[in-house]
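1. Sequence and predicted model, in that order:
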Amino acid sequence: MLSGIQHMAFCERQWALIHIEQVWAENVRTVEGQNLHERADDPFADESRKTLRIIRSMPLVSHKLGLRGIADVVEFHQSKDFTEGETCQLQGRKGWWRPLPVEYKRGRPKPDDRDAVQLCAQAMALEEMMQVSIASGCIFYGETKHRETVAFDMRLRQYTAELAARMQQLVREGKTPRAKRGKRCSQCSLIEKCQPYWMLRHRSVENYLERMCSMEVDNL
């Protein structure tokens with residue numbers, strides 16, 4: 001799922017628990033996020049204005065990234081002229097249009113790229129589907145009630161592609177990565193399921209048996 005790329009950017013163990021082991025848990029952040037998306041993701045609430053077409057819950061697929069999902073909102077802004085590689089046509093609509101993906105998030109902007117990579121993956125899927133190039137998109141944050149513009153530069157595109165490739169690799173291997181302790185653990189809704197601190201103290205069965213055998217020999 002395309003939405004999983006945000007989990008992968010946050011913590012690949014969290015992503016694997018959700019998307020490979022099908023583990024999930026709610027917290028205040030996830031519930032607030034769902035409520036915000038319910039308002040944005042109404043497929044019957046499309047809007048049409050003279051120079052703007054707003055499509056909600058738009059299905060997306062990228063064969064290059066190996067991802068599929070749903071865009072919260074894709075805005076199509078009408079352009080007076082055709083610009084090769086930037087504008088497209090819409091069925092039943094005259095003229096040329098520039099697509100702009102808009103993602104809705106609770107809270108406020110993050111200090112990292114976890115939200116940006118999800119939006120970038122949506123843009124890359126739109127580019128593949130509509131044969132256009134999209135320079136930027138927007139993230140609307142529920143806490144600030146403000147849109148933040150995200151530029152899809154080469155660094156972000158490469159990072160997005162690397163995360164998608166890592167997701168495919170873990171799916172093929174059916175592997176859940178070991179926990180890596182970090183500040184993000186306190187923000188994770190899966191901390192009780194993940195048990196990162198227990199995992200970090202874990203020792204292999206082989207080492208345990210060797211230690212026990214050594215103790216038995218010493219006691220003889």
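-> Looks like it arrived, so ask away.

2. where does R53 fall, helix, sheet strand or coil?
-> Using DSSP: H, G, I helix; E, B strand; the rest coil, the structure places R53 in strand.

3. Surely it touches C88?
-> No: using CB atoms under 8 Å, R53 makes no contact with C88, being 11.3 Å away. Backbone N, C-alpha and C define where each C-beta goes, glycine included.

4. any chance you could map the helices in the chain?
-> Secondary structure of the chain by DSSP state H: the helices cover 4-10, 12-19, 28-40, 114-130, 154-173, 191-194, 196-201, 205-219.

5. Could you identify which of those has the lowest mean pLDDT?
-> Among the helices of the chain, helix 28-40 carries the lowest mean pLDDT, a mean of 49.

6. What average pLDDT does the longest strand along the chain get?
-> Secondary structure of the chain read by DSSP state E shows that its longest strand is strand 67-79. For strand 67-79, the mean per-residue pLDDT is 96.

7. cool, and stretch 145-152?
-> Stretch 145-152 comes out at a mean pLDDT of 96.

8. Name every strand pairing with the longest strand of the chain and say which way it goes.
-> strand 52-62 (antiparallel), strand 96-105 (antiparallel) (DSSP bridges).

9. contacting residues around it?
-> 1-3, 5, 37, 40-41, 50-62, 86-87, 90, 95-104, 121-122, 125-126, 164, 167 (CB atoms under 8 Å, 6 or more residues apart in numbering).

10. Over to stretch 125-135?
-> Residues contacting stretch 125-135 (CB under 8 Å, 6+ apart): 2, 60-65, 67-69, 71, 74, 85-88, 98-101, 123, 151-152.

11. If any of the residues you listed are buried, give me the ChimeraX selection for them.
-> One line in ChimeraX is enough to select the buried members of those, burial here meaning 16 or more other CB atoms under 10 Å:
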select :2,60,62,65,67,69,71,74,87,88,98,99,100,101,123,152
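
12. looking at it, C11 is touching R184, isn't it?
-> Yes: counting by CB under 8 Å, C11 does reach R184; the two are 6.0 Å apart.

13. out of those two, which sits in the more crowded spot?
-> C11 (22 against 15; other CB atoms under 10 Å).

14. count of residues packed around P109?
-> Neighbours of P109 using other CB under 10 Å come to 15.

15. what about it, distance to D115?
-> Distance of P109 to D115, given as CB to CB, to the nearest Å: 7 Å.

16. Relative to T160, which of the strands paired with strand 67-79 is closest?
-> When these are compared by CB to CB, strand 52-62 sits nearest T160, at 10.0 Å.

17. Go through that closest one and flag the buried ones.
-> R53, I54, I55, R56, S57, M58, L60, S62.
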